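K.L.:
quick check, what structure comes out for this input:
(one chain, ligands or ions: 1)
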Amino acid sequence: MTGTGTSAGTLIIGNCQAGVQLACSLRELGDTDPIVLVGEEPHAPYQRPPLSKAFLKGEVTADSLTFRTHEFYRERNIELVTRERIVSVTRDGDGSGGTAVAESGRRFEFARLALTTGAVPRQIPFDGSELEGVSYLRTATDAAQLQQGLAAARNVVVVGGGFIGLEVAAGARAAGLTVTVLEAAPRLVGRAVSEQTSEFYLQAHRRRGIRVVLNAQVARFLGEHDRVTGVELGDGTVVPADVVLIGVGVIPRTELAEQLGLALDNGIVVDGTALCSDGLTVAAGDCANLPNPSITPGGVARLRLESVQNAVEQAKIAAATLLSLPAAYSTVPWFWSDQADLKLQIAGLSGGHDQIVLRGEPDSETFSVLYYRAGQLIAADCINKPLDFIAARGALHHGQNVPADLAGDVTIPLKKLVSAVPALAGK
Ligand SMILES: Cc1cc2nc3c(=O)[nH]c(=O)nc-3n(C[C@H](O)[C@H](O)[C@H](O)COP(=O)(O)OP(=O)(O)OC[C@H]3O[C@@H](n4cnc5c(N)ncnc54)[C@H](O)[C@@H]3O)c2cc1C
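P.N.:
Residues are numbered from 1 along each chain as shown. Take a look at the predicted model:
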């Protein structure tokens, strides 16, 4: 296998959401040097969110999820490389460039390097994890296998009541399957939303016929003829299963960053310009641990975000940084999740809130949860409330507030409650 002519150009390792955006942004910013966008998956870069939603339900095909045609990359002189897993990367002594080597032996020389390596599902090492029918969901290949499994299944068990698990559970239930969600924590989606939103999801999924077990301890997976037949819990109960999906979070892919000696802390540590600790490499997307981008003061100092919006925004910043253009990541994070007919949109980061205001009645399945810190709106979970989401996101973006004592009044559109008072400084 021959090498590629990237000695004067940029090598982007990881060719999905963040990687594609980074390559496109480099071109939009006027970069004319070679760009190689390399990834290990067999597919052209594609969107992951529909994998647990429309794709599983058969509403869209895998082909329709690809971001861009091959012509698109060709026209922009972006060399798209698939099926090449980079296993080693080194920088030249003076830091001016370096070489990455794929498992196949193919070499990629670079002047500039970007890591957009994403994340992999956290594995749980229970007995029986290797049985056919037990799966994780990250890639299009995983999704195609899961879709096939669901088509022949009657009983589905989802281990983990996070967003992806609940999306799959909702889709399987809508298809008429018997679905059980096993969540180890006392509430659903506990890492991302308030108790109110968790409780809402618990009731909403139960109303739709999903069995949800909280504080569930999985002991092992049971099988016959190498195929899963059930999940045994710590108390000896067995939940029948033809398909088990494990969705218990992801682990950032940092193996190449480690080889480069970059600082790591739950991901690749980057600054607000997406620059790594060596002052040369950039990293973006699910693999990167960044300074809290929320413009609202307070909250945690650093975090790792797993969302399309973060991958896109951070990649734009990384591209500018590679070209030595001024850039700083300061935006309102947002996220969405579709579960059955429930559309959740989250604006901002709710960590560190000290007050919650409910806007609407959760049982109506159309309501919002507004989060405050020291009287300042910092985030909102909006369920089937797109106008609340737009208003909250806009308020956060412009450093405006929604007075907490008025926010619960659903007779007044949220956008009318957004005051022009700037965010409280220094709180
Ligand atoms: C099923 C599912 C549903 C989701 N739903 C939503 C949603 O509703 N809303 C939302 O905002 N986000 C959602 N997400 C999250 C979102 O898809 C991710 O945040 C986003 O894809 C992150 O982009 P990324 O480029 O950082 O990482 P990835 O998309 O993981 O891409 C990284 C790529 O790098 C490749 N790679 C890694 N290491 C190497 C190597 N050494 N050599 C070669 N290639 C390598 C990987 O194979 C992968 O293709 C969902 C994710 C999944 C899996």
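K.L.:
quick one: the lowest-mean-pLDDT helix or strand in the chain near the ligand?
P.N.:
Sorting the helices and strands of the chain by mean pLDDT, DSSP states H and E puts strand 302-303 at the bottom, at a mean of 90. No: judged by C-beta under 6 Å from any ligand atom, strand 302-303 and the ligand are separated, with a smallest distance of 13.3 Å. In short, each C-beta sits where N, CA and C put it, glycine included.
K.L.:
could you list the residues in contact with that strand?
P.N.:
The contact list for strand 302-303 (C-beta atoms under 8 Å, 6 or more residues apart in numbering) reads 265, 269, 289, 290, 291, 292, 349, 351.
K.L.:
dump those to TSV, plus distance to the ligand.
P.N.:
Below are the contacts of strand 302-303 laid out as TSV (distance: C-beta to the nearest ligand atom, whole Å):
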residue	distance to the ligand
265	17
269	15
289	12
290	12
291	17
292	17
349	14
351	17
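K.L.:
tell me the buried residues within the residues you listed.
P.N.:
Neighbour-count burial (16 or more other C-beta atoms under 10 Å) applied to those gives 269, 289, 290, 291, 292, 349, 351.
K.L.:
let me have these in TSV, extended by pLDDT and secondary structure.
P.N.:
Formatted as TSV, these follow (pLDDT from 0 to 100; DSSP: H, G, I helix; E, B strand; the rest coil):
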residue	pLDDT	secondary structure
269	98	strand
289	97	strand
290	95	strand
291	91	strand
292	85	coil
349	91	coil
351	86	coil
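K.L.:
average pLDDT across stretch 74-86?
P.N.:
Per-residue pLDDT values over stretch 74-86 give a mean of 97.
K.L.:
near the ligand, which residues of this protein?
P.N.:
When proximity is defined as C-beta under 6 Å from any ligand atom, the chain approaches the ligand at 13-14, 16-19, 38-41, 48-49, 51-52, 85-86, 116-119, 137-138, 164, 253, 256, 285-287, 306-309, 311, 335-337.
K.L.:
now, those residues that are in helices?
P.N.:
Residues of the residues of the chain next to the ligand located in helices (DSSP state H): 17, 18, 19, 164, 256, 308, 309, 311.
K.L.:
so which of the residues you listed is the most crowded?
P.N.:
Counting neighbours by other C-beta atoms under 10 Å, residue 18 leads those with 31 neighbours.
K.L.:
surely that residue is in contact with residue 116?
P.N.:
Yes: between residue 18 and residue 116 there is a contact under C-beta atoms under 8 Å: 3.8 Å.
K.L.:
what is in contact with these two at once?
P.N.:
By C-beta under 8 Å, 6+ apart, the residues touching both residue 18 and residue 116 are 284, 285, 311, 315, 318.
K.L.:
among those residues, which two are most distant?
P.N.:
Maximum pairwise distance among the shared contacts of residue 18 and residue 116 (C-beta to C-beta): 10.3 Å, between 311 and 318.
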